[in-house]
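> after the sequence you'll find the predicted model.
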Amino acid sequence: MTETADVIVIGGGIHGCSTALHLAMRGIRATLLEKDYPGRHSSGVNAGGVRQLARHIAEVPISVFSMALWERITELVDDDCGFASQGQVLVAEGNQELDEFRKRVDELKLHGFTHEELIDRDELKRLVPAVADHCPGGIVSRRDGAADPFRTTQAFRRKAVSLGVQVHEGVMVAGLRRKGAVWCVETSAGTFEAPKIVNAAGAWADRIAAAVGDPVPLEVVAPMLMITGRVPHFIDPVVILRSRKLSFKQFANGTVMIGGGHLARAYRDENRSEIDWHKLADSAKTVWELFPVMRGATIVRAWAGIEARMPDDIPVIGPSASSEGVYHQFGFSAHGFQLGPGVGGLMAELVATGATNLPIAPFHIDRFAGSLDSRVS
Amino acid sequence: MIRDVEALPAQVDLAIVGAGPAGLAAAAMAASLGLSALMLDENPDVGGQIYRAIAANPVKDRALLGEDYWRGEALAKEAVSSSAQHAAGAVVWSVSPLETSGYEIGVSIAGRSRIIAAREVMLATGALERPFPIPGWTLPGVMSCGGAQTALKASGLVPGGRLVIAGCGPLLWLIASQYLNAGVSIEAILDTTPRTNWLSALPHLPAFLISPYLAKGLKLMLAVRQKVRVIAGIEAVRAEGTDKVEAVAYTKSGSERRIAVDTLLLHQGVVPNINLSNAIGCRHIWDDMQLTWKPETDSWGATSVAGITVAGDGAGIAGAEAAAERGRIAALGVAQRLGKIDVPARDRKAVAARTAHARFERGRLFLDAMYRPAKVFRIPQGDTIVCRCEEVTAERIRATVPLGATGPNQMKSFLRSGMGPCQGRLCGLTVAELIADVRGVPVREVGYYRLRPPIKPITLGELASMPKTEASEKTVVRV
């Protein structure tokens, strides 16, 4: 049996589901293929940060655009996705770091972006009273916040389905081939055909890219997170550090999530990752120093979702360098959740019109042309 | 006995998690074959749940706990006098593979943690009581028979006031008889065994008639029935009360009656404790007769993950005597894989244990079929709490399935059920069966929680102050 569509989206993470929804909103018939279930990997189990703060300068315009969608997320997907905007704070651990932060905020202002705001010790203490006294200030992005990642991904899936998107779960792509003007996607559940393909396959996207002639150096990573038992409420915003790997967030129920990018060992072919307790012990030490109030909290769970990291830590977004009708949307390098709503909109725009209003040139896959090295498995 | 993480060996051939009958027998066997073996157990002493406090029991009257209990003495003596080491009060919170071969084990003793290494790991973590999610089961004064038995064995404690026991299964009759021996009076036993179970159990009756369980079981039940009102054919049970349980309401032949109580004990059988084997990634299968998940094991207790074995009730419920034999058999398998004995020696040495094991397995199918708990006591309705840690009700689980929560992991992401400190030990089976019920598919299709370490909570301070090991130094260099 062959099923046809206008566009086949490969991958049911936040990006694939968002793109499928935005295509449907434009009246384009989309089919989404997901090898497990939507949100099974990093889209469903990430820290849920909705953050414009401290992004690569190339990502700022699309992040700001995505933020506007987050702020009306209920209108978009009929679910509030657990989104709440308590702000995010980047904490400086010394005066030298605070000087660098000042330059960063000034540079953003030159580009016309004002969401990042430099704060002094007093404002930091007001926003984050529990932070250790040695921190001289930081940057706040007040409209940032956090959402529930699995609920968000599922809400995008449900809304997409309600607008006619065909979602096939447990369907693994085995190969792609060109047949005249259409792409044939061979899967574990038969063949799917469409003139256009969106590759949103996350940690597995390099395989799709290679199959259409765009080999890329993608690293499979699994950033570790851990969560504590309930402790009395002591912090509202999400807190991140730059010099040491840490992100920190307290939920309404009192539990505290600790992350920051230490990596588990990832086995993508087994859908599995192994926690590295030696590195998590480092995260625990950092929390011990910065938030003395946390010292007696119990760690109840640690986990890691599998995703893709690119060598330059920014995603691949845009048309294929070598194949007609193929578009890439992957490699979000452990900070793609907030971008999901916006980049899905941009991708639908690109597929429908051939161009986007916002600049996406820095994310073109051709930046890796000829750079494929031995890291690719 | 080791009571301090500093005193733990940095590396052993075989780490055994749990010092109940399987762990004790495995440790003694492993030591006798020249393996360095270490038992890690959370309790202050060896014995596990069934032989709890066997070496230092406060109960003076031996007859109170029954002769089966004291059978553990010889087992404990054999293990403790062997070269195998025993770490007491030792909580294993993580087992993860080393990059080459072998495992790293996160161990916490008295609030301090350390990571040690083992070439193989044997999980002898035994059984848990099956959840019994009836309305009101979270009220103070309602507790499990297992919890009550722990208090009796470890501290000689018995409940005061009016006591009712509800449920089904051999352990229910055992605790009742132990209480009667201790002079506790029981208002009533509400027997929830479905009457139709006789039909499915009947084909297994011949094996049961020649099993070691028949005489023992009949004696227990007769002794209890002489002194306690037993009400059979119970169709529903509800605990009532505001701040604590005040009455138990039960339905029989369609009509409801009430008994005033101060304590209600619940029990409907035991199931394998699969938290560690699940977190390690061993393949599990659904046992439709025992209505539980269990790790897939070969005839030597080896799981689908190389170097991880499961012995005893953790690999499927078969009871304490069978557990000890399974521990011996699994230890022989480990010794052969680690080069201490060859295959013919392994097979030869296993003959006695296998013969004994077969005898203890006899009659098991009858017990499984006879005491298979009814759906109404496994799959709750309405506002009955399912996940106690996060206070998730049955109706919320039912309502969330259509949103995309087609399995326990998705449910966990939506409702946090199974995300509390118990890691789903108290709700996992209920959630899986509820989802299967709503979807109208077999439980094996909905699966189970993917459990995440730490398997038992540790404090942040404990993790932060964990001593560096050789492996962790290498990690730092590699990064």
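Great, that's in hand. Numbering: from 1, shown residues only, chains lettered A, B, ... in the order given.
> give me the pLDDT for the residue nearest to the spatial centre of chain A.
Nearest to the mean C-alpha position of chain A, counting by Cα atoms, centre = their mean, stands residue A:336 at 1.7 Å. Note for residue A:336: predicted pLDDT of 97.
> what do you get for the one 5 residues further on?
Among the per-residue scores, residue A:341 holds a pLDDT of 98.
> ok, now residue B:306?
96.
> circling back to that earlier point, test my guess that the residue nearest to the centre of chain A contacts residue A:14.
Yes. Residue A:336 lies in contact with residue A:14 (Cβ atoms under 8 Å); the separation is 7.2 Å. Where C-beta positions appear, they are placed from N, C-alpha and C, glycine not excepted.
> rewinding a little: wait, a helix at the residue nearest to the centre of chain A?
No. Counting by DSSP: H, G, I helix; E, B strand; the rest coil, residue A:336 is located in no helix; its state is coil.
> tell me the phi and psi of it?
Backbone dihedrals for residue A:336, given as degrees, to the nearest 10, come out at phi -100, psi -10.
> mind listing what it touches?
A:14-15, A:42, A:307, A:315, A:343 (Cβ atoms under 8 Å, 6 or more residues apart in numbering or on different chains).
> of those residues - the most surrounded one?
Counting by other Cβ atoms under 10 Å in any protein chain shown, residue A:14 has the largest number of neighbours within the contacts of residue A:336, with 34 neighbours.
> isn't that residue right up against residue A:156?
Yes. Contact criterion Cβ under 8 Å: residue A:14 and residue A:156 qualify, at 6.6 Å.
> okay, and the common contacts of these two?
A:340-341.
> quick check: residue B:189 vs residue B:460, distance?
Distance of residue B:189 to residue B:460, computed by Cβ to Cβ, to the nearest Å: 46 Å.
> how about residue A:194?
Separation of residue A:194 from residue B:460 (Cβ to Cβ): 50 Å.
> with residue A:315 instead?
33 Å.
> tell me the bridge partners for residue B:144.
residue B:266 (DSSP bridges).
> ok, it - how many residues close by?
22.
> repeat for residue B:352
Neighbour tally, residue B:352, other Cβ under 10 Å: 11.
> which element, helix or strand, includes it?
Residue B:352 is located in helix B:343-361, with elements delineated by DSSP states H and E.
> what are the buried residues along that helix?
Within helix B:343-361, the residues that count as buried by 16 or more other Cβ atoms under 10 Å in any protein chain shown are B:346, B:349-350, B:353-354, B:356-357, B:360-361.
> so residue A:194 and residue B:460 - more neighbours on which side?
Ranked by neighbour count (other Cβ under 10 Å), residue A:194 and residue B:460 place residue B:460 first, with 26 against 21.
> do you know the pLDDT at that one?
pLDDT at residue B:460 comes out at 94.
> quick one: it and residue A:293 touch, right?
No. Counting by Cβ under 8 Å, residue B:460 stays clear of residue A:293, with 10.4 Å between them.
> give me the number of residues near whichever residue of the stretch 1-150 of chain B sits closest to chain A?
Using Cβ to the nearest Cβ, residue B:96 is the residue of the stretch 1-150 of chain B that sits closest to chain A, at 5.2 Å. Neighbours of residue B:96 under the rule other Cβ under 10 Å: 19.
> residue A:256 now?
Neighbour tally, residue A:256, other Cβ under 10 Å: 23.
> try residue B:246
17.
> hang on, it packs against residue B:261?
Yes. The pair residue B:246 and residue B:261 qualifies as a contact (Cβ under 8 Å) at a distance of 7.3 Å.
> grab the nearest non-local neighbour of residue B:246.
Leaving aside its sequence neighbours, residue B:246 sits nearest to residue B:240 (Cβ to Cβ, 6 or more residues apart in numbering or on different chains; 5.9 Å).
> could you chop the chain up by domain?
Picking chain A for this. Annotated domains of chain A cover A:2-51+A:149-216+A:313-368, A:85-144+A:220-309 [automatic domain parsing].
> the chain in question should be chain B.
B:5-128+B:271-341, B:131-268, B:379-446.
> quote the end-to-end distance of the shortest one.
Length of domain B:379-446, first residue to last, Cα to Cα, to the nearest Å: 15 Å.
> could you point out which element follows the one helix or strand residue A:197 maps to?
Per DSSP H and E: residue A:197 is located in strand A:196-199. Reading on from strand A:196-199 to the C-terminus, the next helix or strand found by DSSP H and E is helix A:205-211.
> for residue B:192, what are phi and psi?
The phi/psi pair for residue B:192 (degrees, to the nearest 10) reads phi -90, psi 10.
> just the pLDDT for it.
97.
> ok, it touching residue B:231?
No. Counting by Cβ under 8 Å, residue B:192 does not reach residue B:231; the two are 9.9 Å apart.
> between the two, who's got more neighbours?
Neighbour tally, residue B:192 and residue B:231, criterion other Cβ under 10 Å: the higher count belongs to residue B:192, 28 against 17.
> tell me the contacts of residue B:103?
B:15, B:95-97, B:117-121, B:307-308.
> looking at these, which is nearest residue B:197?
Nearest to residue B:197 out of the contacts of residue B:103 is residue B:308 (Cβ to Cβ; 34.6 Å).
> any idea how far residue B:194 is from the nearest residue to residue B:370 once chain neighbours are set aside?
Nearest-residue entry for residue B:370: residue B:201, 4.2 Å, with adjacent residues in sequence omitted and distances by Cβ to Cβ, 6+ apart. Separation of residue B:201 from residue B:194 (Cβ to Cβ): 11 Å.
> how about the strands in the stretch 1-150 of chain B?
Taking DSSP state E, counting those that start in this stretch as the criterion, the stretch 1-150 of chain B carries its strands at B:11-17, B:37-41, B:85-88, B:90-97, B:103-109, B:112-123, B:127-129, B:142-144.
> contact partners of the third one?
With Cβ under 8 Å, 6+ apart as the contact definition, strand B:85-88 has outside contacts at B:1-3, B:8-9, B:12, B:19, B:27, B:37-41, B:43-46, B:79-80, B:107, B:109.
> and that strand, average pLDDT?
Strand B:85-88 shows a mean pLDDT of 97.
> so, low pLDDT: which residues of the chain?
In the absence of a named chain, chain A is used. A:1, A:372-377 (pLDDT under 70).
> wrong one, chain B
In chain B, residues with pLDDT under 70: B:60, B:469-479.
> neighbours of residue A:303, just the number please.
Neighbour count for residue A:303, taken as other Cβ under 10 Å: 17.
> neighbours of residue B:185, how many?
Neighbourhood size, residue B:185 [other Cβ under 10 Å]: 11.
> then residue A:38?
Residue A:38: 27 neighbours (other Cβ under 10 Å).
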